[in-house]
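Novice: fold the following for me, if possible:
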Amino acid sequence: MAFRQLINPISLFVAALAVTAAYLTWFADTGPSDESRPQQPVPVRVQTLQVSEFRDVIEALGTAGANESIVVTAQVQDIVTRVHFDDGEVVKAGQLLVEMESREETARVQELQFRLAEAQRQYQRLLDLSRQNAASQQQLEMQDVTVKEISAQLEVAETQLAQKRITAPFAGRLGVRQISNGSLVSPGAQITTLDDISLIKLDFNVPELFFASLQVGQRVSALSDAYPGHEFTGVINSIDSRVDAMTRSILVRAEIANENLKLRPGMLLRVNLLRSIDETLVLPERAIVPIQDRHYVYVVGSDNSAKQQQITIGRRKPGIVEVVDGLQPGTRVITEGIVRLRDGVAVTVMEN
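Specialist: Residues are numbered from 1 along each chain as shown. Below is the predicted model of the structure:
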């Protein structure tokens, strides 16, 4: 009776679970281990290391400036009587831009011109008389002083008259006109701007680390977002005599010929300054595995397995790194599939 009570559905279920667990444990212990199972080769992509051109370029941001640039202003306060230019007009050196009220100055100049002509005539008459001993030397000298005084007064009057006429000091392109006929202008008030943009002066800062690589006459190239894909070329014209103590950089000025007048003062340009062109070994940046302060790559061995190789890297550029030591030309370096690799793992090279 007691034996029948022990044998019931619950006890049978428990016994079945125990037998199943024992079977699985025995199979796991006697089955093949992970280490003995053959591992599938890891698919990777490789690049054969070759000597190639490495362009060491210094990159900077620069601001374009005009070859010559001024704000056209008046020297005296007066009323504008005539404006001789339009917005954006190209003018020549000496071309008249603005006239201001100058009737008083013009009359003063004419008066002094008449007086000077009369004084010179009197001087010439006394000179002729002195040759005939009909006039004294003292009279001649006094008349000479009078001529010189009137000449000086005339020069001052002509200068005052010239201040009422504003001319272009050099050839260039004018900006927006800020005055009209009848405007009252004061000294220093802006009339317009004048820029000579046939040549652009490009100013940019270079870290002092690269100071030894700079020299006058060195070629530079610049890019502008306003003209995608178009490269502007020029040469370094001057290098500042001081390094900025705050930024530890030095100001460099390059000149760029602006034949088509595409560049304008104030534009932001990306500057590329070629430092050197070397023949060296380079690798894609993604192929390098940094471990602490060392750098490694995986190379494909003769048995198609991955071999970890320590290397020494040099200069960097976006996407590529210079290899200084640790690899030889012709070595097949793994560039993709590195995540699943470890030293000695079999690999399968996929076609690029």
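
Novice: ok, then the element right after whatever helix or strand residue 198 lives in?
Specialist: Per DSSP states H and E: residue 198 is located in strand 190-207. Next helix or strand after strand 190-207 toward the C-terminus (DSSP H and E): strand 219-223.

Novice: sorry, back to before: show me what the strand holding residue 198 is packed against.
Specialist: Contact analysis of strand 190-207 by 3 or more Cβ pairs under 8 Å, 6 or more residues apart in numbering; DSSP states H and E lists strand 51-73, strand 96-100, strand 172-174, strand 231-244, strand 249-257, strand 268-284 as its packing neighbours. (Glycine included, C-beta is placed from N, CA and C.)

Novice: so the fifth one versus strand 219-223, what angle?
Specialist: By that I understand strand 249-257. Put simply, strand 249-257 runs at 80 degrees to strand 219-223, going by axes from the mean of the first three to the mean of the last three Cα atoms, to 10 degrees.

Novice: list the contacts for residue 76?
Specialist: 100, 163-164, 187 (Cβ atoms under 8 Å, 6 or more residues apart in numbering).

Novice: give the contact list for residue 168.
Specialist: Applying Cβ under 8 Å, 6+ apart, the residues contacting residue 168 are 72, 91-95, 97, 174, 194.

Novice: again, only this time at 6 Å
Specialist: Neighbouring residues of residue 168 by Cβ atoms under 6 Å, 6 or more residues apart in numbering: 91, 93, 95, 97.

Novice: now do the second one against residue 167, distance only.
Specialist: Relative to residue 167, residue 93 is positioned 8 Å away (criterion: Cβ to Cβ, to the nearest Å).

Novice: next one: residue 317
Specialist: Taking Cβ to Cβ, one finds residue 317 at 52 Å from residue 167.

Novice: what residues are bridge-paired with the residue lying closest to residue 58 once chain neighbours are set aside?
Specialist: Spatial nearest neighbour of residue 58, chain neighbours left out: residue 273 (4.1 Å); criterion: Cβ to Cβ, 6 or more residues apart in numbering. For residue 273, the beta-bridge partners are residue 58, residue 220 (DSSP bridges).

Novice: for the host helix or strand of residue 107, packing partners?
Specialist: Secondary structure from DSSP H and E places residue 107 in helix 103-131. Helix 103-131 sits against helix 137-162, with contacts defined as 3 or more Cβ pairs under 6 Å, 6 or more residues apart in numbering; DSSP states H and E.

Novice: so after the helix it packs on, what's the next helix or strand?
Specialist: Counting by DSSP H and E, the next helix or strand C-terminal to helix 137-162 is strand 165-167.

Novice: for that next one, packing partners?
Specialist: strand 96-100.

Novice: how distant is the strand it packs on from the center of its chain?
Specialist: The chain centre lies 38 Å from the centre of strand 96-100; the measure is Cα atoms, centre = their mean, to the nearest Å.

Novice: ok, now stretch 149-159?
Specialist: 51 Å.

Novice: please apply the same query to stretch 344-352.
Specialist: 44 Å.

Novice: likewise for stretch 210-228?
Specialist: In terms of Cα atoms, centre = their mean, the centre of stretch 210-228 is set 7 Å apart from its chain centre.

Novice: for stretch 309-317, same thing?
Specialist: 28 Å.

Novice: next: stretch 44-63.
Specialist: 20 Å.

Novice: same question, stretch 214-234
Specialist: On Cα atoms, centre = their mean, the centre of stretch 214-234 falls 8 Å from the chain's centre.

Novice: so which of the helices and strands packed on strand 190-207 comes closest to residue 342?
Specialist: Nearest to residue 342 among the helices and strands packed on strand 190-207 is strand 268-284 (19.8 Å), distances taken as Cβ to Cβ.

Novice: report the angle between the closest one and strand 231-244.
Specialist: Going by the same axes, to 10 degrees, strand 268-284 makes 100 degrees with strand 231-244.
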